[in-house]
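Peer 1: Provided below are the primary sequence and the corresponding predicted coordinates.
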Number of protein chains: 2
Amino acid sequence: MPSSNSVRLEDIARQLRISVATVSRALSGDARVKAATRELVLQTAAQMGYVPNSVARGLRKGRTYMLGVLIPKYDDAFFVEIVKGVEHAARSRQYKVLIASSEQSYQRERESTQMFQQGGVDGLLVCLCKETRRYQHFEQLIKRNIPIVQFDCVSKTLASDRVTTDDVLGARQAVDYLLNSGRRRIAYLGGPAQLEGYQNRLRGYREALQAAQIPYDEQLIVHSDHGARAGDMEVIANFLKKLQPLPDGIFASNDLLAILAMKSLKRMGLKIPEDIAIVGYGNSPFSTIYEPALSTVFQPAFEMGEQATQLLIERIESSDNESPLPFQDLTLPTYFIQREST
Amino acid sequence: MPSSNSVRLEDIARQLRISVATVSRALSGDARVKAATRELVLQTAAQMGYVPNSVARGLRKGRTYMLGVLIPKYDDAFFVEIVKGVEHAARSRQYKVLIASSEQSYQRERESTQMFQQGGVDGLLVCLCKETRRYQHFEQLIKRNIPIVQFDCVSKTLASDRVTTDDVLGARQAVDYLLNSGRRRIAYLGGPAQLEGYQNRLRGYREALQAAQIPYDEQLIVHSDHGARAGDMEVIANFLKKLQPLPDGIFASNDLLAILAMKSLKRMGLKIPEDIAIVGYGNSPFSTIYEPALSTVFQPAFEMGEQATQLLIERIESSDNESPLPFQDLTLPTYFIQREST
DNA sequence: GATAAAAATGTAAACGTTTGTATTATCTTT
DNA sequence: AAAGATAATACAAACGTTTACATTTTTATC
């Protein structure tokens, strides 16, 4: 039994002895209603504590003013920052945001997408989880006219806008800095290699070396799959112990790896940055906590969330138009942050 | 113009030459529809790719199966963990979650509450922001039969369930540990003193001392308002420098303060834990990153989110009942985590 | 002051479900 | 095979808006 204990248009209408339609129009600022009536309606509505029922409106208009955002995980300041950006942009355009995390599971990604669809979102912001190889669950939304904007971890095969950060550039900035400060033997600590972002970071690393005419050396490369932290620590420690001669610089593809490397180096009795300089990636909160504070590459996560949301809203609101906008592919620049580790 | 490009009950009904009502009942597992028909409907629905329109259902049933969650900020692993718990519990009961952050602003708290209300949530989970002193925006929801569950930072004057962690206990666990390891002169680093949680931590500190028959010494107490990190650092450093004789233990009311203290102590050339043992509060991700790893008090944030959500859903689903459930006031236990700093 | 034009308001249908009640089909029982 | 009981289905209203279209009121023009 629907509990209609709140004020409806009808209540206002009855109170003022006018029709529901006029009340509705007054409230939505329709020019066809007399200024005096509008005032009266606005006043009465406020006084009676009217709050529009957006479920009803949603049904009628085919719009819910809700956006879904699907991230791979919550325990990562990067994604949290993105969500902040999303909420910020959504709020300023009067959209609400539904949230879910796939926890890096394809299965849950599908479930959540389904949930968003039946929850009636007007559009979806999504960062693919690393297991994802098939995209029908997203294509289904698109077919139903629910636009998608991908961010960070994206697929080129989906008909959607995309917003990413320039990981090649970011890595170049990091490695260039090391090179400019005189380092020549620079190791690379890689994260999950199947992720495109990490591939790009490696690419940036190679490009930087190439530009400085330093040959690429396989021995200086290691990948850690970033499962348990203890596992990563072991991989890194082993890698560093075996490396002869030691590098004079390290570029880690994320801040956590950088910190694990610093921990290893400290235990080996090495000084940072004197003996070995180190740069991380992502500007995670960890980077300022650890000692020495980690130099790193800033990724504009908040801005990414904002821009993606803006694109999405534009696409939603232009969907009545016959001529569809072409898909955009935004790449946001990164920048280097110098701290104590270099 | 509502875009009805998706399959509706009517489409299935027409296809099978039966009525919409029967389709609806078949789908919802009503016993009154013949097994054969139900099968047929289920099959056709799946095949046509039917996805129920929950906006329409929401309008009819007066239920949206959406929960709102309002936190004071995103940049805090504690709240993120709570959101994870909320999503987990919500998902298992088929609820969706709308999210917003007040960013510690009373104004934004009100706006978000309003947004949730007009977004049609069935209930609201809320952690009060530290500015909040008046509660009419919440009372308004309650009056409209939208139940609220408060967590962490709560007001006793609101008619709602509450879930908190036992901060007095947590502080006692921390200080007891220091006392049991032979420390006698224990300093207290306080956070924002207006927050009840912090008052309770101080209380726990005092109770622990009292139980050990150690007099409470005002000189060992400092509060930092936790604005900018640099500001906190200065307050703490000054406090420690002036303190004569130095304490042999420190209990910090949150992990960040603990780490700032450790940084200060290291600069003063002191050894942790040999010279001074230190315990933080909250088990933030920082606590395992810093060296030495910080002993701390674990707060069951995920569980808090889960429990609060469960309470909320129960209240929502029992709201048809004439006899209202009494409000619950859950307090979850904390526990001490021993690491390198003690 | 009659008429046309413009402005303001009203009527009713629609959005896609769910559900109380009415109707029809099927089965029992005699 | 007629009656009643029961099972299965259909009809139609309702949820609170928005909006196309119809109607009434006001204003302007002669």
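Peer 2: Cool, the structure landed.

Peer 1: only C-alpha atoms for contact and neighbour calcs from this point on.
Peer 2: Will do.

Peer 1: where does chain A have low pLDDT?
Peer 2: A:1-5, A:226-227, A:320-322 (pLDDT under 70).

Peer 1: if we use 90, what do you get?
Peer 2: For chain A, the stretches flagged by pLDDT under 90 are A:1-6, A:118-119, A:129-134, A:143-145, A:192-195, A:224-232, A:234, A:241, A:243-244, A:318-325.

Peer 1: let me see the contact set for the spatially most central residue of it.
Peer 2: Nearest to the mean C-alpha position of chain A, counting by CA atoms, centre = their mean, stands A:I82 at 4.0 Å. Residues in contact with A:I82 (CA atoms under 8 Å, 6 or more residues apart in numbering or on different chains) are A:301-306.

Peer 1: same thing with A:M115?
Peer 2: Contacts of A:M115 (CA under 8 Å, 6+ apart): B:K96.

Peer 1: out of the contacts of A:I82, which end up buried?
Peer 2: A:301-306 (16 or more other CA atoms under 10 Å in any protein chain shown).

Peer 1: residues of stretch A:48-60 that come out buried?
Peer 2: Result for stretch A:48-60 [16+ other CA under 10 Å]: buried residues A:50-56, A:58-59.

Peer 1: keep only those of those residues that are in helices.
Peer 2: Among those, the ones falling in helices (DSSP state H) are A:54-56, A:58-59.

Peer 1: tell me, which of these make contact with DNA strand D?
Peer 2: Contacts with DNA strand D within those, counted by CA under 7 Å from any atom of the strand: A:54, A:56, A:59.

Peer 1: before we move on, back to that, out of the ones in helices among the buried residues of stretch A:48-60, which is nearest to DNA strand D?
Peer 2: A:A56 (4.1 Å; CA to the nearest atom of the strand).

Peer 1: how does chain A divide up, domain by domain?
Peer 2: Following automatic domain parsing, chain A resolves into domains at A:4-52, A:60-164+A:301-332, A:167-298.

Peer 1: okay if I get those domains as TSV plus distance to DNA strand D?
Peer 2: As requested, those are exported to TSV (distance: least, CA to the nearest atom of the strand, whole Å):
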stretch	distance to DNA strand D
domain A:4-52	4
domain A:60-164+A:301-332	4
domain A:167-298	42
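
Peer 1: quick one: the helices in chain A, in order.
Peer 2: Using DSSP H, helices in chain A cover A:9-16, A:20-27, A:35-48, A:54-61, A:77-92, A:106-119, A:136-143, A:167-180, A:196-211, A:229-242, A:255-267, A:286-289, A:301-317.

Peer 1: how about the first one: buried residues?
Peer 2: By neighbour count, with 16+ other CA under 10 Å as the criterion, the buried positions of helix A:9-16 are A:9-13.

Peer 1: do the same with stretch A:91-98
Peer 2: Result for stretch A:91-98 [16+ other CA under 10 Å]: buried residues A:91, A:95-98.

Peer 1: hmm, stretch A:34-43 touching DNA strand C?
Peer 2: Yes - residues of stretch A:34-43 contacting DNA strand C under CA under 7 Å from any atom of the strand: A:34-35, A:37-38.

Peer 1: which of those tops the neighbour count?
Peer 2: With neighbours taken as other CA atoms under 10 Å in any protein chain shown, the top of those is A:R38, carrying 22 neighbours.

Peer 1: on that earlier part again, closest one of the ones in helices among the buried residues of stretch A:48-60 to DNA strand C?
Peer 2: A:L59 (4.5 Å).

Peer 1: was I right to think that closest one contacts B:V55?
Peer 2: Yes - counting by CA atoms under 8 Å, A:L59 touches B:V55, with 5.8 Å between them.

Peer 1: just give me the closest of the ones next to DNA strand D among the ones in helices among the buried residues of stretch A:48-60 to A:F336.
Peer 2: A:S54 (44.9 Å; CA to CA).

Peer 1: residue contacts, that closest one?
Peer 2: Applying CA under 8 Å, 6+ apart to A:S54 gives the contacts A:64, B:118-120.

Peer 1: including neighbour count, could the residues you listed go into CSV?
Peer 2: Formatted as CSV, those follow (neighbours: other CA atoms under 10 Å in any protein chain shown):
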residue, neighbour count
A:T64, 22
B:Q118, 15
B:G119, 25
B:G120, 25
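
Peer 1: now, which of these sits nearest DNA strand C?
Peer 2: When the contacts of A:S54 are compared for distance to DNA strand C (CA to the nearest atom of the strand), A:T64 wins out at 11.9 Å.

Peer 1: ok, now which ones touch the closest residue to the closest one other than its chain neighbours?
Peer 2: Counting by CA to CA, 6 or more residues apart in numbering or on different chains, A:T64 lies nearest to A:G58, which is 4.6 Å off, once chain neighbours are set aside. With contact taken as CA under 8 Å, 6+ apart, A:G58 is in contact with A:64-65, B:55.

Peer 1: check A:D225 too.
Peer 2: Contacts of A:D225 (CA under 8 Å, 6+ apart): A:191-193, A:232.

Peer 1: same question, A:I289
Peer 2: By CA under 8 Å, 6+ apart, the neighbours of A:I289 are B:259, B:286, B:289-290.

Peer 1: highest neighbour count among those?
Peer 2: For the contacts of A:I289, neighbours tallied by other CA under 10 Å; top is B:I259, 25 neighbours.

Peer 1: what about that residue, distance to B:Q140?
Peer 2: As for B:I259, its distance to B:Q140 is 42 Å (criterion: CA to CA, to the nearest Å).

Peer 1: sorry, back to before: can you name the two of the contacts of A:D225 that are farthest apart?
Peer 2: A:A193 and A:D232 (13.8 Å).
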